[in-house]
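>>> sequence and predicted structure below; questions after.
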Amino acid sequence: MSSRRSSRQQAIQNQINRLDRKINQFQIRSRKFSWYRLLVFITGGILVFVSTFWISETLAWFIFAIFFILFNIVAFFHRRLERGIRRHQIWKEMKISQLARMNLDWKNIPESNLSLPFSDLTFEDDLDMTGKRSLHQLIDISISHEGSQRLASWLLQNKPDFTSIQKRQKIVKELIPLSRFRNKLLLTFHLVSNVQLDGQRLIKWLRAEFPSLKIKKLLAISTGFVALNLALFLGAQFIGIRPYWIFSLFLYFIFYLYNFKMLQNYFDIIFHLDDELTKFRQVSRYLESYPYGKNEHLREMCGPFLDPQIVPSKQLRKIKLVTAAVGMRMNPIIAILLNLILPWDFFFSRLIHHYRDEMKIILPQWVDTWAELEALIAISNFAYLNPDYCFPDIINQESENLESPLVEARNMGHPLIPADQKICNDFSINNRGEVNLITGSNMSGKSTFLKTIGVNLCLAYAGGTVNAAHLRTSLFRIFTSIKINDSIVDGFSFFYAEVKRLRALLDALQDDLQYPVLFLIDEIFRGTNNRERLIGSRSYIRHLVSQNGLGLIATHDLELTKLADQFSNITNFHFREEVVAGRMVFDYKLHPGPCPTTNALKIMMMEGLPVILEE
């Protein structure tokens, strides 16, 4: 484990320890405040009781006022202390989560709510990109569904865009040292809600159709009714006309009841909108007031939160005021009085309708920007927790006039393997049509190596750091054939499912010449007999060397290594092992050439299975 990584782990652990001590101190003080409140309540109660019956009722009221004020002062400071405890507890949970992500402590890493499968790409499952104990779960710290989905979409790209990758890299580089900015945003949200924000559901709900009656006309009619009621009432009181206001009030009441369901719909809108936007309100204020300084790319990305024409805090304040006004009429008596003297419900329904139309336009911008920022924060947090990872050098093959795509990596490892167990390798492939055959014994690391290359390219295209000392790569469409499953529902055998997957690779190689395919295949035709597997594998590999792609094939068939003698584009590599003190020892290092040994029979014999060596 690198010294930088160890130092960062220790720093986070020290923060957790300090937070623990602080929380314990606050809790001790909180218990004292609980006793203070009880003492003030009992003492005040006794003094009021004694004064009332034995001294003076006036004195009793005076004592009651004094102790009432004193009790509320103590309660105020107690509540503030409790908020401080909650704030520190949330901060501690965030730090524990960070440490868990560094140590791959999956029990303390929250699972994602992402709907699976997220895409139809083969490498989503093959490379453990989503789901339990996946790369997405390791990186994702989003507080909204949109942020989590945006991160997944970046990790699962079939056609990565060079400009977008460069833009994301620049923002991530600015965000990495801004740990307080990142943590404060998450803390601010968790202080107001424990429920994930669902912006798309809110947008869809805002755009839903409601009753077709025009609220403007209803407001005008209700205003006319209120004015008529008032005029007739005043006329009856001061001019002496008959009390016609009773009839007009009755008609107004009927009109109100007829439209009550529509009014209730608007009130439900504003209450739901306010509840959801409360989660948004605090973080938007933080983004508006944050001093971005030299972080110009971050400032530009947060532009919709800084636009003086539609500053979120101003828009959300209007929603809050309308919600408060509508809340006043929840008391039936107050509701009657308000609507008698003013067209209260109709007026605020009209205002809700107006604000709803405004929010339909500007809210999608905020949600999209927030999703983008969350995904970038997640990637930058991942980079911060892995200081020994590097930013890849992404090559735009067209602009740099490269004849062939390339991947050049030094000390590349797999981010889902614990640091103290991880073995890193150097690797390069840089010719169109090139195929690297990876041979080796069982458990030697072939499949993991294929996944290592794929996972790090996905990280690179997402704009993040990669588990390598150096990575230089051009843009590829990644295609994998690693985890093949049969399907009882579709009636597919394992072999047929594998054939369909490999056929899909040939189709991908024919499409979109701008993006060559990088294929990662773990064994070919495992579902058939040795003779047909060898014939099929040879034919398939011969075909690959003439296509618009390059890649690696892991195999147990040592006969396939002879293809390197026939094709200059085929190169052999292997992983090896040795038996030490009666047990298999693997070095998990990539070596040139075909594998000189096999270990299947050794493993069988070591586990006590009968093995008869026939000549």
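Received it, and whenever you're ready, just let me know what you need.

>>> for the strand or helix carrying Arg538, which positions count as buried?
Counting by DSSP states H and E, the element that carries Arg538 is helix 530-544. By 16 or more other C-beta atoms under 10 Å, the buried positions in helix 530-544 come out as Arg533, Leu534, Ser537, Arg538, Tyr540, Ile541, Leu544. C-beta here means a position set from N, CA and C on the backbone, and glycine is covered the same way.

>>> likewise for stretch 220-240?
Ser222, Phe225, Val226, Leu228, Asn229, Leu232, Phe233.

>>> let's see the pLDDT reported for Val50.
pLDDT for Val50: 83.

>>> before we move on, what SS does it have?
Here Val50 is helix, with the state taken from DSSP: H, G, I helix; E, B strand; the rest coil.

>>> quick thing: my sequence starts at 31, can you match it?
Done: numbering now begins at 31, and the last item shifts to Val80.

>>> and it, how close does it get to Arg315?
As judged by C-beta to C-beta, to the nearest Å, Val80 and Arg315 stand 50 Å apart.

>>> which of the two has more neighbours?
Arg315 (16 against 13; other C-beta atoms under 10 Å).

>>> could you say which helix or strand holds that one?
Using DSSP H and E, the element containing Arg315 is helix 290-319.

>>> just Thr482 next, same as before
Assigned by DSSP H and E, Thr482 falls in helix 476-492.

>>> all strands for this structure, in order.
For the chain, strands defined by DSSP state E occupy the ranges 423-425, 437-442, 455-459, 465-470, 500-504, 507-511, 547-552, 579-585, 600-605, 607-610, 613-616, 621-622.

>>> switch those over to TSV, and while doing so, append mean neighbour count, mean pLDDT and distance to His175 to every line.
What follows is the strands of the chain, written out as TSV (neighbours: other C-beta atoms under 10 Å; pLDDT from 0 to 100; distance: least, C-beta to C-beta, whole Å):
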stretch	mean neighbour count	mean pLDDT	distance to His175
strand 423-425	16	93	29
strand 437-442	20	96	32
strand 455-459	17	94	37
strand 465-470	24	92	39
strand 500-504	21	95	31
strand 507-511	24	94	25
strand 547-552	24	94	30
strand 579-585	25	93	34
strand 600-605	22	93	41
strand 607-610	13	74	45
strand 613-616	13	78	41
strand 621-622	12	92	46
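
>>> what mean pLDDT does the helix holding Arg315 get?
Per-residue scores along helix 290-319 average to 78.

>>> tell me how this structure divides into domains.
What automatic domain parsing lists as the domains of the chain is 33-139, 221-415, 423-636.

>>> count of residues packed around Asp595?
Number of residues near Asp595 (other C-beta under 10 Å) recorded here: 9.

>>> ok, back up a step: how far off strand 465-470 does the helix holding Thr482 point, in degrees?
In terms of direction (axes from the mean of the first three to the mean of the last three C-alpha atoms, to 10 degrees), helix 476-492 departs from strand 465-470 by 140 degrees.

>>> then helix 476-492 to CSV, C-alphas only?
This file holds the C-alpha atoms of helix 476-492, laid out as CSV (Å, rounded to 0.1, in the frame of the first residue of the first chain):
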residue,chain,number,x,y,z
LYS,A,476,-6.5,-14.4,-16.5
SER,A,477,-10.2,-13.3,-16.1
THR,A,478,-9.2,-10.7,-13.5
PHE,A,479,-6.7,-9.2,-15.9
LEU,A,480,-9.3,-8.8,-18.7
LYS,A,481,-11.6,-7.1,-16.2
THR,A,482,-8.8,-4.9,-15.0
ILE,A,483,-8.3,-3.5,-18.5
GLY,A,484,-12.0,-3.0,-19.1
VAL,A,485,-12.8,-1.4,-15.8
ASN,A,486,-10.0,1.1,-16.0
LEU,A,487,-11.0,2.1,-19.5
CYS,A,488,-14.5,2.7,-18.3
LEU,A,489,-13.1,4.9,-15.5
ALA,A,490,-11.0,6.8,-18.0
TYR,A,491,-14.0,7.5,-20.3
ALA,A,492,-16.1,8.6,-17.3
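
>>> that helix vs strand 600-605, what angle?
110 degrees.

>>> tell me what angle helix 476-492 forms with strand 437-442.
Relative orientation of helix 476-492 versus strand 437-442 (the same axes, to 10 degrees): 110 degrees.

>>> tell me the average confidence for helix 476-492?
pLDDT averaged over helix 476-492 gives 96.

>>> check stretch 159-173 too.
Stretch 159-173 shows a mean pLDDT of 93.

>>> residues of that stretch that come out buried?
Buried-residue list, stretch 159-173, by 16+ other C-beta under 10 Å: 159-161, 164-173.

>>> what's the spacing between it and its chain's center?
Here stretch 159-173 is found 8 Å from its chain centre; the criterion is C-alpha atoms, centre = their mean, to the nearest Å.

>>> go on, stretch 557-566?
Here stretch 557-566 shows a centroid-to-chain-centroid distance of 44 Å under the convention C-alpha atoms, centre = their mean.

>>> same check on stretch 581-596?
Relative to its chain's centre, stretch 581-596 lies at 41 Å (C-alpha atoms, centre = their mean).

>>> can you show me the helices along the stretch 131-280 of the chain?
Remark: helices assigned in the stretch 131-280 of the chain by DSSP state H, counting those that start in this stretch are 153-156, 165-169, 175-185, 192-205, 209-222, 229-236, 245-264, 275-288.

>>> can you redo these as CSV with distance to Arg110?
Shown next, in CSV, are the helices of the stretch 131-280 of the chain (distance: least, C-beta to C-beta, whole Å):
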stretch, distance to Arg110
helix 153-156, 47
helix 165-169, 35
helix 175-185, 31
helix 192-205, 32
helix 209-222, 13
helix 229-236, 32
helix 245-264, 42
helix 275-288, 44
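
>>> of all these, which one is nearest Ile58?
helix 209-222 (22.5 Å; C-beta to C-beta).

>>> list the helices and strands that closest one packs on?
Secondary-structure packing of helix 209-222 (3 or more C-beta pairs under 8 Å, 6 or more residues apart in numbering; DSSP states H and E): helix 87-133, helix 290-319, helix 374-415.

>>> worst mean pLDDT among those?
Within the helices and strands packed on helix 209-222, the stretch with the lowest mean pLDDT is helix 290-319, showing a mean of 78.

>>> by contact count, what packs against that one?
Packing contacts for helix 290-319, counted by 3+ C-beta pairs under 8 Å, 6+ apart, involve helix 209-222, helix 229-236, helix 333-336, helix 342-358, helix 374-415.

>>> in the stretch 131-280 of the chain, where is pLDDT below threshold?
223-226, 228, 231-232, 235-243 (pLDDT under 70).

>>> try 90 this time
Counting by pLDDT under 90, the stretch 131-280 of the chain has low-confidence residues at 141-147, 150, 172-177, 188-189, 214-280.

>>> now do the contacts for Ser60.
Counting by C-beta atoms under 8 Å, 6 or more residues apart in numbering, Ser60 touches His108, Leu111, Glu112, Ile115.

>>> would you mind writing the ChimeraX command to select the buried ones in the residues you listed?
Selecting the buried subset of these in ChimeraX, with 16+ other C-beta under 10 Å as the burial test, is done by:
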select :108,111,115
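
>>> and the contacts of Ser60 as CSV, adding distance to Phe63?
As requested, the contacts of Ser60 are arranged in CSV below (distance: C-beta to C-beta, whole Å):
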residue, distance to Phe63
His108, 4
Leu111, 6
Glu112, 9
Ile115, 11
